[in-house]
Structures are given as structure tokens and as C-alpha cells.
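# have a look at this prediction, sequence included:
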Amino acid sequence: LYYLPNHLMLAFTIGIKGEEAVIVSDSMLRKLTIRELTAVLAHEISHIYNRDIWVMMLADLISRFTSILALTGYILIIIYITAYLLTDHAIPWLFLIILMLAPNVSAIMQLALSRAREFNADFNAVMLTGDPEALASALSKIEHYQGRWFERILMPNRRLPDPSLLRTHPQTEDRIKRLLALTE
């Protein structure tokens with residue numbers, strides 16, 4: 001467990017097998033209750049237990065590999081167009097389009113995997129603590145304190161929602177609803 005002197009409300013896990021650490025910011029320690037902090041730590045410990053860092057590193061490796069394949073696709077387009085102009089050979093467009101779209105599909109799948117792992121960590125945190133309301137309350141506070149005070153006053157609905165496909169974490173409202181459904 002490490003302390004991060006920072007005004008942002010942060011808690012995250014780093015490291016791989018046997019070398020994991022949970023980092024908690026000063027702001028998180030000051031603004032959350034012990035009950036909420038326990039739930040957040042249980043969430044982070046769940047990431048360690050489920051080897052989420054390793055899984056996401058593997059997903060990132062696959063994403064990088066597909067980027068290399070896309071580069072290969074771009075090079076092949078140049079080669080095929082040249083061959084087509086000189087010899088009238090057919091160009092395998094479908095193959096080349098798939099190669100070029102692979103990084104985008106891979107990135108979207110990686111983001112979806114990340115969101116699924118977050119929901120799973122929320123569920124496991126509740127299994128560890130038996131307190132879904134604490135994690136829901138912590139998530140609500142974290143969402144509230146993001147941004148500067150003048151943004152909250154002058155632009156209360158300042159954030160444009162990111163498309164759900166492009167988020168690493170599920171929307172906070174969805175996470176809170178799922179957590180509170182566990183209390184019923």
C-alpha cells in the first residue's frame with residue numbers, strides 16, 4: 001500500500017505477479033470515510049486477486065500486435081497497387097481492409113474488457129466487505145469531486161458523456177445501480 005500526495009481522488013493498482021501495489025492519494029484518504037475507503041481498497045485488491053493488470057497487459061500486447069498488422073496492411077496496399085498498375089493483378093481488398101481495421105476493433109475490445117473487469121472488481125469488493133452501499137457512496141463522492149470547484153459551480157453538467165465504447169471504466173451511475181441492486 002502506497003501513499004500518493006495528490007489533490008485528485010485516486011486509487012489504483014500497479015505491478016505484476018508478486019510485485020503488486022495499491023496506491024491511494026491523499027485526497028482519497030481525506031475525503032472518504034473509513035467504510036468507503038475499505039470498499040475502494042477491496043476493489044483494488046480484487047484487481048490484484050483476479051490478475052487484472054496481467055490480463056490488461058496481455059490485451060495491450062494484442063492491440064499493439066494488431067497495430068503492426070495494420071502497418072503491414074498499409075505497406076501491402078502500396079505493393080498491391082503498384083503490382084495492379086504494372087501487371088493487372090487483382091487486389092485482395094477485403095483482406096487489406098480487415099488488416100487496417102484490426103487496431104480499431106482491438107482497441108474497442110480492450111476497452112470493453114477493461115469495463116468488464118471493473119464491474120467484476122466492484123462485485124468482488126462487495127463479496128469481500130459485504131457492504132455495497134460503501135462502494136456506491138465512494139464512487140459517488142469520487143465522481144462529485146472530479147474537476148475544479150469553479151467547474152462544479154459554473155458548469156454543473158460540464159462533462160459531455162463519453163461514448164460508452166470509448167471508456168475504460170463503466171459509467172459511475174451504472175456501477176452504482178449494480179451495487180445498490182446487490183442490497184436487495
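The structure has been received and is ready for your questions. Numbering: from 1, shown residues only.
# please count neighbours and contacts with C-alpha atoms only from this point.
Noted.
# count the residues that sit near W93.
Neighbouring residues of W93 were enumerated by other CA atoms under 10 Å; the total is 11.
# and stretch 3-22, end to end?
9 Å (CA to CA, to the nearest Å).
# ditto for stretch 45-54
Stretch 45-54: ends 14 Å apart by CA to CA.
# please tell me how far it is from the chain's geometric centre.
Centre-to-centre, stretch 45-54 and its host chain are 13 Å apart (CA atoms, centre = their mean, to the nearest Å).
# and F12, that one's in a strand?
Yes. Under DSSP: H, G, I helix; E, B strand; the rest coil, F12 sits within a strand.
# list the contacts of it.
By CA atoms under 8 Å, 6 or more residues apart in numbering, F12 lies in contact with 22-24, 44.
# narrow those residues to those in strands?
22-24 (DSSP state E).
# among the residues you listed, who's most crowded?
In terms of neighbours by other CA under 10 Å, the ones in strands among the contacts of F12 top out with V24 at 23 neighbours.
# report the separation between the residue lying closest to that residue once chain neighbours are set aside and Y2.
The spatially closest residue to V24, leaving aside those adjacent along the chain, is A11, at 4.5 Å (CA to CA, 6 or more residues apart in numbering). Applying CA to CA, the value for A11 to Y2 is 10 Å.
# more neighbours: which of these two?
A11 (21 against 12).
# re the thing from before, hmm, the residue nearest to V24 is touching D26, no?
No. With contact defined as CA atoms under 8 Å, A11 does not count as touching D26 (9.8 Å).
# just to revisit the earlier point, mutual contacts of A11 and Y2, please.
In contact with both A11 and Y2: 22-24, using CA under 8 Å, 6+ apart.
# please convert the residues you listed to JSON lines, extending it with pLDDT and distance to E143.
Output for the shared contacts of A11 and Y2, formatted as JSON lines (pLDDT from 0 to 100; distance: CA to CA, whole Å):
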{"residue": "V22", "pLDDT": "94", "distance to E143": "20"}
{"residue": "I23", "pLDDT": "94", "distance to E143": "18"}
{"residue": "V24", "pLDDT": "94", "distance to E143": "16"}
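# out of the residues you listed, the closest to D52 would be?
V22 (12.9 Å; CA to CA).
# what pairs with the closest one across the strands?
T13 (DSSP bridges).
# just for the chain, where's the confidence low?
147-167 (pLDDT under 70).
# helices of that one, residue ranges please.
For the chain, the helices defined by DSSP state H occupy 26-31, 34-49, 52-87, 93-129, 132-145, 149-154, 172-181.
# and those, which is most packed in?
helix 34-49 (a mean of 22; mean count of other CA atoms under 10 Å).
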